[in-house]
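A.B. asks: What shape does this take:
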Amino acid sequence: MKLDTGIATGALAEVGRYAAAAEEMGFDGLWSVETSQDPYLPLTLVAEHTSRLRFGPAIAVAFPRSPLVHAQIAWDLQRQSGGRFILGLGTQVKGHNERRFGIRWNAPGPRLREMIQMIRAVWDCWQNGTKPAFEGEHYRFTMMTPFFNPGPIEHPAIPIYIAGVNAYMCRLAGELCDGLHVHPFHSTTYLREHLLPELHEGLAKSNRRREDLSLATTAFVIAGDTDEEIERAREPVRMQLAFYASTRTYRRILETHGWGETSGRLNEKAAKGDWAGMAREITDEMLDVYAISCRWDQVGEKIKEKYTGILDRVALYVPWKPGGKNERWQGIRRALA
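C.D. replies: Numbers count the residues shown, from 1 in each chain. I've put the predicted structure just below:
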């Protein structure tokens, strides 16, 4: 099982040093996120300051950018890094697309399918000189002149991961993608009963095997060196779970355990800004289902115990920071290796 981490700095001037230190620590992958900053921009520095790490956005929001824009950025980063880039895409939810990015929301599943198909058509055109002839309902790629063609690269097989929670996206990942970013808000019961069977439906459709696709996640871990530290660490995770669980799109993760009605109550409280009330909706039982809780020296074994046979790559929701207690992270790495 690979151990990844996220970029734990918002300052571009620090990304290069952070990436080099993460590689020296022995991490296998480094992910950026699209929250308050662009997910692609720091990755040029990751590529420049590392030689082994796999890296990519987890995820870049798909629809505010055209397929060609994603394809071109990925091509550049793959060339710069010598073949270590992973393109991670996700749809986000309707409200963020319409009200934050200011774009129309329609048919997210079919639209993402076409985006992936067009991205690969663009890459095929650049690498092999094939005629641009992709025409879909949402996207069209029928023109590429030499002036705009960057030409072939040494490592053209760029992996595409997508984020998925519900059935369509899980099947799409199995059918067309190289990996799936499993949402941090999950349980192993949900993964075994829903996500994995749907993933296998997609794999069967494209005549592929489970080994042809990588599953990655960022896991909630509640850890401390004492019982008191563990107890204090529970509350921030409780609040983050409440935030995720308030999104209707993720309702079935609660429904898997018979907690579907909690989704509605959380949504109502989120609309009112009742953050404290939201946290109270996440019971201790829920917290123990959706997060790992243990002493720091047990984290690696607990991750291994929970995810072996399910996931291929794991990061902790709280990312590593240089100068911290590195022995903890080395212990996790050794346990997973």
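A.B. asks: tell me the phi and psi of the residue lying closest to G224 once chain neighbours are set aside?
C.D. replies: Closest residue to G224 apart from its sequence neighbours, by Cβ to Cβ, 6 or more residues apart in numbering: I230 at 4.0 Å. Placement of C-beta: from N, CA and C, glycine included. Main-chain dihedrals, I230, degrees, to the nearest 10: phi -60, psi -40.
A.B. asks: What is the burial count for I230?
C.D. replies: Residues within reach of I230, counting by other Cβ atoms under 10 Å, total 16.
A.B. asks: Then L203?
C.D. replies: By other Cβ under 10 Å, the residues close to L203 number 19.
A.B. asks: For the nearest residue to D178 once chain neighbours are set aside, report the pLDDT, please.
C.D. replies: The shortest distance from D178 to any non-neighbouring residue, by Cβ to Cβ, 6+ apart, is to P159 (3.7 Å). P159 is assigned 98 on the pLDDT scale.
A.B. asks: helices or strands up against the helix ranked longest in the chain?
C.D. replies: Longest helix of the chain, by residue count under DSSP state H: helix 108-128. Judged by 3 or more Cβ pairs under 8 Å, 6 or more residues apart in numbering; DSSP states H and E, the packing partners of helix 108-128 are helix 67-81, strand 87-90, strand 134-135, strand 140-141, strand 160-164, helix 167-176.
A.B. asks: wait, what's in contact with the closest residue in space to A19 that isn't next to it in sequence?
C.D. replies: Spatial nearest neighbour of A19, excluding adjacent residues (Cβ to Cβ, 6+ apart): V46 at 4.3 Å. Contacts for V46 (Cβ atoms under 8 Å, 6 or more residues apart in numbering) come out as I7, V15, G16, A19, L30, S32, L53, F55, S81.
A.B. asks: Please apply the same query to V314.
C.D. replies: Counting by Cβ under 8 Å, 6+ apart, V314 touches M1, K2, L3, D4, A216, T217, T218, A219, I303, Y307, L336.
A.B. asks: Save those as TSV, and put in secondary structure and pLDDT too.
C.D. replies: Shown next, in TSV, are these (DSSP: H, G, I helix; E, B strand; the rest coil; pLDDT from 0 to 100):
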residue	secondary structure	pLDDT
M1	coil	96
K2	strand	97
L3	strand	98
D4	strand	98
A216	strand	98
T217	strand	98
T218	strand	97
A219	strand	98
I303	helix	98
Y307	helix	98
L336	helix	94
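A.B. asks: one step back: against L311, how distant is the residue nearest to D178?
C.D. replies: To L311, P159 is 16 Å away according to Cβ to Cβ, to the nearest Å.
A.B. asks: Ok, Q240 next?
C.D. replies: Separation of Q240 from L311 (Cβ to Cβ): 20 Å.
A.B. asks: try N128
C.D. replies: For N128 relative to L311 (Cβ to Cβ), the value is 34 Å.
A.B. asks: Among the two, which residue is more densely surrounded?
C.D. replies: The residue with more neighbours, out of N128 and L311, is L311; 21 against 9, by other Cβ under 10 Å.
A.B. asks: wait, is that one part of a helix?
C.D. replies: No. L311: not assigned to a helix; according to DSSP: H, G, I helix; E, B strand; the rest coil it is coil.
A.B. asks: what sits against it?
C.D. replies: Contacts of L311 were listed using Cβ under 8 Å, 6+ apart, and they are M1, V182, L215, A216, T217.
A.B. asks: Tell me how far it lies from K205.
C.D. replies: Counting by Cβ to Cβ, the gap from L311 to K205 is 22 Å.
A.B. asks: ok, now A107?
C.D. replies: For A107, the distance to K205 (Cβ to Cβ) stands at 19 Å.
A.B. asks: So which of the contacts of V46 is surrounded by the most neighbours?
C.D. replies: So for the contacts of V46 (other Cβ under 10 Å), the most neighbours sit at L30, 28 neighbours.
A.B. asks: Now do the contacts for it.
C.D. replies: Counting by Cβ under 8 Å, 6+ apart, L30 has contacts D4, T5, G6, I7, A19, A22, E23, V46, T50, L53, R54, F55.
A.B. asks: In which helix or strand does it reside?
C.D. replies: In this assignment (DSSP states H and E), L30 forms part of strand 29-32.
A.B. asks: For that strand, list the C-alpha coordinates in CSV.
C.D. replies: The C-alpha atoms that make up strand 29-32 are tabulated as CSV, following Å, rounded to 0.1, in the frame of the first residue of the first chain:
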residue,chain,number,x,y,z
GLY,A,29,2.8,10.5,-3.8
LEU,A,30,2.0,14.1,-3.3
TRP,A,31,-1.4,15.6,-3.9
SER,A,32,-2.6,19.2,-4.4
